[in-house]
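Novice: Any chance you could fold what I've pasted below:
(chains A and B)
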Amino acid sequence: DAGVIQSPRHEVTEMGQEVTLRCKPISGHNSLFWYRQTMMRGLELLIYFNNNVPIDDSGMPEDRFSAKMPNASFSTLKIQPSEPRDSAVYFCASSLLGVGGYTFGSGTRLTVV
Amino acid sequence: DAKTTQPNSMESNEEEPVHLPCNHSTISGTDYIHWYRQLPSQGPEYVIHGLTSNVNNRMASLAIAEDRKSSTLILHRATLRDAAVYYCSPPLQGAQKLVFGQGTRLTINP
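Specialist: All right, here's what the predicted structure looks like:
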């Protein structure tokens, strides 16, 4: 298995632009999580899905952030419009609901200038 | 919420055992205790998890206190590749989601 695949690995964008981060979970996993990591705030859970349905989005910082999971093999996290304070590493993770641990992707390093 | 407390940093020598403690005094009775680690410039990596009994796998052992208010991750023979930030993370009470604290930064001396 190739693990959790995130793209792009790095993204540099200008303030005000739309940014879309992508995640392909491990085949067969039915839970998907989006995290954000900064030096100041550590690892923060943004949102998670079970069976493609958003369960808890209380960690999504603002309406500028949105996440979708149109099918079991793909999820997106969109920021529109982006701001410099959104600069962080964004991780996607997947798991089999109720079993075992999470598998994290390698992350997307987002820089908003 | 199951809050966790871990030392900010620990240091050990190569090939020696390392015991990483975690307090989670508000954990609920059905929440598993998870441990993850994050190597530099990588995503977090699952290490081990358990509910009540001590657990072993190829990476580490997990010792869980009888009252479940604390646990200890044991690396039996540390190597330089074990240098990482280690997080313990029970799920939020009644929920599935894992919330990570600041973790313990483990340094391994050659």
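Novice: what helix or strand does A:Ser82 sit in?
Specialist: Using DSSP states H and E, A:Ser82 is not contained in any helix or strand.
Novice: what packs against the worst-scoring helix or strand of chain A on mean pLDDT?
Specialist: When the helices and strands of chain A are compared on mean pLDDT, DSSP states H and E, strand A:99-104 comes out lowest with a mean of 86. Counting contacts by 3 or more Cβ pairs under 8 Å, 6 or more residues apart in numbering or on different chains; DSSP states H and E, strand A:99-104 packs against strand A:88-96, strand B:33-38, strand B:45-50. Bear in mind the C-beta positions are built from the backbone N, C-alpha and C, glycine included.
Novice: between the second one and strand A:88-96, how many degrees?
Specialist: In this case it means strand B:33-38. 140 degrees (axes from the mean of the first three to the mean of the last three Cα atoms, to 10 degrees).
Novice: partners of strand B:33-38, with directions?
Specialist: Strand B:33-38 has these partner strands in its sheet, going by DSSP bridges: strand B:45-50 (antiparallel), strand B:84-89 (antiparallel).
Novice: Just name the most buried of the ones you listed.
Specialist: Burial of the strands paired with strand B:33-38 is given as mean neighbour count (mean count of other Cβ atoms under 10 Å in any protein chain shown); strand B:84-89 ranks first at a mean of 24.
Novice: Could you list the residues in contact with the following helix or strand past that one?
Specialist: Where DSSP H and E defines the elements, the next helix or strand beyond strand B:84-89 is strand B:104-109. Residues from elsewhere that reach strand B:104-109, judged by Cβ atoms under 8 Å, 6 or more residues apart in numbering or on different chains: B:6-14, B:18, B:20, B:78-80, B:82-87.
Novice: What residues does chain A have near chain B?
Specialist: Residues of chain A that fall close to chain B, judged by Cβ under 8 Å from any Cβ of the partner chain: A:31, A:33, A:35, A:42-43, A:45, A:48, A:50, A:55-56, A:91, A:93, A:97-98, A:100-107.
Novice: Just the buried ones among those, please.
Specialist: Buried members of these, scored by 16 or more other Cβ atoms under 10 Å in any protein chain shown, are A:31, A:33, A:35, A:42-43, A:45, A:48, A:50, A:56, A:91, A:93, A:101-107.
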